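K.L.:
predicted model and sequence below, questions to follow.
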Amino acid sequence: MNIFQHMRAFVAVAQTGSFTLAAEQMNTTTANLSRAVSNLETHLRTRLLNRTTRRIAMTEAGKRYYQRCESILASVAEAESEAQATQDYAAGSLKVHAMAGIGMHYVIEAMADYRERFPEVSFDLHLSNRVPDLIEEGFDVSIVLAAQLPDSGYISQRLGTIYSVLCAAPRYLERRGAPQTPAELEDHECLLMSSVAYPDNRWQFEGPDGPVVAALRASPFQVNAIDAMRVAIRSGMGIGVLPSYSAIDGLRNGELKRVLPGYRLQRLNLYAIYPSRLYLDAKIRTWVEHLRASLPQALAEEESDLNEQVEARG
């Protein structure tokens, strides 16, 4: 029994005073409406309408029930309207996850730009270097770096590609000189990331002649955080690997120098992932659209800067 549909049938008959007019209003038949009201009365074990061949009138119980039905159906209509509005109007809180470096370098600025267009959306940003369980942890969108995504059933949008480069401080290069080939790295102080992406004592490059693997000697420094690696490189401890987004500011202001500028390491894809495409909330849809419009442009600008440095060195 569809109690709400039966309520609507009773209210329509009560308001129009006619099964025929109510049936026209609800685009159904008088027989269906009569059956619905009868089923409702049976369910309540109360007569709601007194019916004659000429007239329909509510009983005392029917009048009280009618008032309640009007209030209930109005609340249901309001709830439905609010829910449907989320498909068209971006408002409310977005819970967003991003990998730490990506979040600091790209996502916060993208959020600031987004809120200029959609000021009624607020953000709850969580930074961590993992791919979260969106459903379990309640995230609307996650922005992650990965060679490829695991098969999770989530929807993903590829935003671009990020790769890593070798960097050193100018004073280190003045003291030790700059290697000209990956093989010469064996004679340098190479700083290592504690990560499965960078196997111990071995760096895999994409070079002008294809893939190259460089064997390294024992490292004087190893760390598991990109920000700490950048500080160690800037301090002149040696040559280290940084993602392009972490290296770019230091390369622009001269604190860092690109080493082996014709070579790259660890190319990764940047993704926005979210739980479902079906009935997508307007704030999620517009946020993902904003990321797809803004992040590729930021990545392209950094790519251009890095390429200019390579050409300048050449």
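P.N.:
Okay, I see it.
K.L.:
by contact count, what packs against the longest strand along the chain?
P.N.:
Longest strand of the chain, by residue count under DSSP state E: strand 155-168. Packing partners of strand 155-168 (3 or more CB pairs under 8 Å, 6 or more residues apart in numbering; DSSP states H and E): strand 239-243, helix 244-253, strand 257-259, strand 264-274, helix 282-313. C-beta: built from backbone N, CA, C; applies to glycine.
K.L.:
most tightly surrounded among the ones you listed?
P.N.:
Of the helices and strands packed on strand 155-168, the one with the most neighbours on average (mean count of other CB atoms under 10 Å) is strand 239-243, at a mean of 25.
K.L.:
check the offset of the helix or strand of the chain with the lowest mean pLDDT from the chain's centre.
P.N.:
Ranking every helix and strand in the chain by mean pLDDT, DSSP states H and E puts helix 60-85 at the bottom, with a mean of 79. Mean C-alpha position of helix 60-85 versus that of the full chain (CA atoms, centre = their mean, to the nearest Å) differs by 36 Å.
K.L.:
quick one, helices of the stretch 101-250 of the chain?
P.N.:
108-117, 134-137, 170-176, 226-234, 244-253 (DSSP state H, counting those that start in this stretch).
K.L.:
ok so, going back, which SSE is immediately downstream of the least confident helix or strand of the chain?
P.N.:
Per DSSP states H and E, the first helix or strand lying C-terminal to helix 60-85 is strand 92-98.
K.L.:
would you mark the buried spots in that following strand?
P.N.:
Buried residues in strand 92-98, counted by 16 or more other CB atoms under 10 Å: Leu94, Lys95, Val96, His97, Ala98.
K.L.:
in JSON lines: those residues, plus pLDDT and distance to Glu109.
P.N.:
Formatted as JSON lines, the buried residues of strand 92-98 follow (pLDDT from 0 to 100; distance: CB to CB, whole Å):
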{"residue": "Leu94", "pLDDT": "93", "distance to Glu109": "16"}
{"residue": "Lys95", "pLDDT": "94", "distance to Glu109": "19"}
{"residue": "Val96", "pLDDT": "96", "distance to Glu109": "13"}
{"residue": "His97", "pLDDT": "96", "distance to Glu109": "17"}
{"residue": "Ala98", "pLDDT": "94", "distance to Glu109": "12"}
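K.L.:
which one among these gets closest to Ser164?
P.N.:
Ranked by distance to Ser164 (CB to CB), these are led by Ala98 at 18.2 Å.
K.L.:
who's in contact with that closest one?
P.N.:
Going by CB atoms under 8 Å, 6 or more residues apart in numbering, Ala98 touches Val107, Leu125, His126, Leu127, Ser142, Ile143, Val144.
K.L.:
can you tell me the closest non-neighbouring residue to the third one?
P.N.:
In space, His126 comes closest to His97 once its chain neighbours are excluded; the distance is 4.9 Å by CB to CB, 6 or more residues apart in numbering.
K.L.:
quick one: that neighbour and Asp133 touch, right?
P.N.:
No. Look at His97 against Asp133 with CB atoms under 8 Å: they stay out of range, at 10.1 Å.
K.L.:
please name the bridge partners of the residue nearest in space to the middle of the chain.
P.N.:
With distances taken as CA atoms, centre = their mean, Val141 lies nearest the centre of the chain, 2.2 Å away. Note on Val141: beta-bridge partners Val96, judged by DSSP bridges.
K.L.:
tell me the pLDDT at it?
P.N.:
Per-residue pLDDT puts Val141 at 95.
K.L.:
any idea how far apart the tips of stretch 228-248 sit?
P.N.:
Stretch 228-248 has its terminal residues 15 Å apart, counting by CA to CA, to the nearest Å.
K.L.:
now find how far off-centre that stretch is within its chain.
P.N.:
28 Å.
K.L.:
poorly predicted segments of the stretch 151-300 of the chain, please.
P.N.:
Counting by pLDDT under 70, the stretch 151-300 of the chain has low-confidence residues at 195-201, 277-279.
K.L.:
return the member of the contacts of Ala98 nearest to Thr52.
P.N.:
Once CB to CB is applied, the member of these that ends up nearest Thr52 is Ser142, at 64.9 Å.
K.L.:
which ones are touching that closest one?
P.N.:
Listed by CB under 8 Å, 6+ apart, the contact partners of Ser142 are Val96, His97, Ala98, Val131, Pro132, Leu134, Ala272, Ile273, Tyr274.
K.L.:
switch to 7 Å and redo it
P.N.:
Ser142 is in contact with His97, Val131, Pro132, Leu134, Ile273, counting by CB atoms under 7 Å, 6 or more residues apart in numbering.
K.L.:
just the closest of the residues you listed to Ile56, please.
P.N.:
Each of the contacts of Ser142 was checked against Ile56 using CB to CB; the closest is Leu134, at 53.3 Å.
K.L.:
burial of the closest one, as a residue count?
P.N.:
The tally of other residues near Leu134 (other CB atoms under 10 Å) stands at 21.
K.L.:
do Gln67 as well
P.N.:
By other CB under 10 Å, the residues close to Gln67 number 10.
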